[in-house]
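S.K.: take this sequence and fold it.
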Amino acid sequence: MNNRLVVDSWAWVEYLRGSRAGEKVNERLSGADELWTSAISLAEVTSKYRRAGISERVATEAILSLSRLGMPGSVDSIEAGRIHAEIKPRSPNFGLADSFVLQLARKVGARVVTGDPDFENVPEADLIEP
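M.R.: Numbers count the residues shown, from 1 in each chain. So this is what the prediction gives:
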């Protein structure tokens, strides 16, 4: 059985920080057969680092070396929009980026690794406690 994971931006940030939550993320990732990251999550991490005045180079190189990058095409984008429309009414903070993460997980048959509470009622998500 394949153990595929899609790592969202929250999980990558904690992992790269080496925080307590990041240690939990690391434990979860170390048992995976395959790691994926949505291109949208890569953009989120880049933005977070830039806004904090930190070079994103090390972070983006780590993400790209440890995981496969999911590049959404038109069909993926339409599906992410459908997911967003389905979940947003019951989870008001569930963003489009979250939808792309979930879309990628469904597409590749993976679980989502996150600590984002917006994924609380998403069956495909494994929530890491902060």
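
S.K.: and residue 112, helix, strand or coil?
M.R.: strand (DSSP: H, G, I helix; E, B strand; the rest coil).

S.K.: next, count neighbours for it.
M.R.: Counted with other Cβ atoms under 10 Å, the neighbours of residue 112 add up to 25. All C-beta atoms are positioned from the backbone trio N, CA, C, and that covers glycine.

S.K.: what sits against it?
M.R.: 5, 6, 8, 101, 102, 105, 119, 122, 124, 125, 126 (Cβ atoms under 8 Å, 6 or more residues apart in numbering).

S.K.: so for it, what's the pLDDT?
M.R.: The predicted local confidence for residue 112 comes out at a pLDDT of 98.

S.K.: bridging residues for it?
M.R.: residue 6, residue 125 (DSSP bridges).

S.K.: so which of the contacts of residue 112 wins on neighbours?
M.R.: Looking at those with neighbours defined as other Cβ under 10 Å, the largest count falls to residue 101 at 35 neighbours.
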